[in-house]
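Colleague: Quick check, what structure comes out for this input:
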Amino acid sequence: MNTLDQATPNMPLKVASIASGVLSAKLAEMGLIPGQHIMILYRAPLGDPIAIEVGDYVLSLRNNEARLISVVQE
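Modeller: Below is the predicted model of the structure:
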């Protein structure tokens, strides 16, 4: 299992878990819950932030936020 900040773009992923902490509730409100299908669309030129597809919208996350999300490849 890897974290979202280590995943490569255009690879179908599924959220496995979210680390407990200050941002966990905020990430859940944004739709990042275990079982949710996501995909990294692209990374900024310097690698931070990343844009991910969650459901029918695009969400931008910084790498320190993406590091809290464990994902598995589908």
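Colleague: number of nearby residues for the residue lying closest to residue 17 once chain neighbours are set aside?
Modeller: Among residues not flanking residue 17 along the chain, residue 70 sits closest, at 4.6 Å (C-beta to C-beta, 6 or more residues apart in numbering). All C-beta atoms are positioned from the backbone trio N, CA, C, and that covers glycine. Residue 70: 16 surrounding residues under other C-beta atoms under 10 Å.
Colleague: ok, now residue 28?
Modeller: Neighbours of residue 28 using other C-beta under 10 Å come to 14.
Colleague: Against which helices or strands is the helix or strand harbouring the residue nearest to residue 17 packed?
Modeller: Using DSSP states H and E, residue 70 maps to strand 69-73. Under the contact criterion of 3 or more C-beta pairs under 8 Å, 6 or more residues apart in numbering; DSSP states H and E, strand 69-73 touches strand 2-3, strand 13-18.
Colleague: Most tightly packed of those?
Modeller: Comparing those by mean neighbour count (mean count of other C-beta atoms under 10 Å), strand 13-18 ranks first with a mean of 17.
Colleague: So in that sheet, which strands flank that one, and in what orientation?
Modeller: Here strand 13-18 has these sheet partners by DSSP bridges: strand 37-43 (antiparallel), strand 69-73 (antiparallel).
Colleague: tell me, which helix in the chain spans the most residues?
Modeller: helix 24-29 (DSSP state H).
Colleague: same for it, what does it pack against?
Modeller: Using 3+ C-beta pairs under 8 Å, 6+ apart, helix 24-29 sits against strand 13-18.
Colleague: contact partners of the strand it packs on?
Modeller: 1, 4, 7, 24, 27-28, 32-40, 68-74 (C-beta atoms under 8 Å, 6 or more residues apart in numbering).
Colleague: of the residues you listed, buried ones?
Modeller: 4, 7, 27, 32, 36, 38, 40, 68, 69, 70, 71 (16 or more other C-beta atoms under 10 Å).
Colleague: got these as JSON lines, with pLDDT columns?
Modeller: JSON lines is the format used below for the buried ones among the contacts of strand 13-18 (pLDDT from 0 to 100):
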{"residue": "4", "pLDDT": "93"}
{"residue": "7", "pLDDT": "91"}
{"residue": "27", "pLDDT": "90"}
{"residue": "32", "pLDDT": "92"}
{"residue": "36", "pLDDT": "95"}
{"residue": "38", "pLDDT": "96"}
{"residue": "40", "pLDDT": "95"}
{"residue": "68", "pLDDT": "92"}
{"residue": "69", "pLDDT": "94"}
{"residue": "70", "pLDDT": "95"}
{"residue": "71", "pLDDT": "96"}
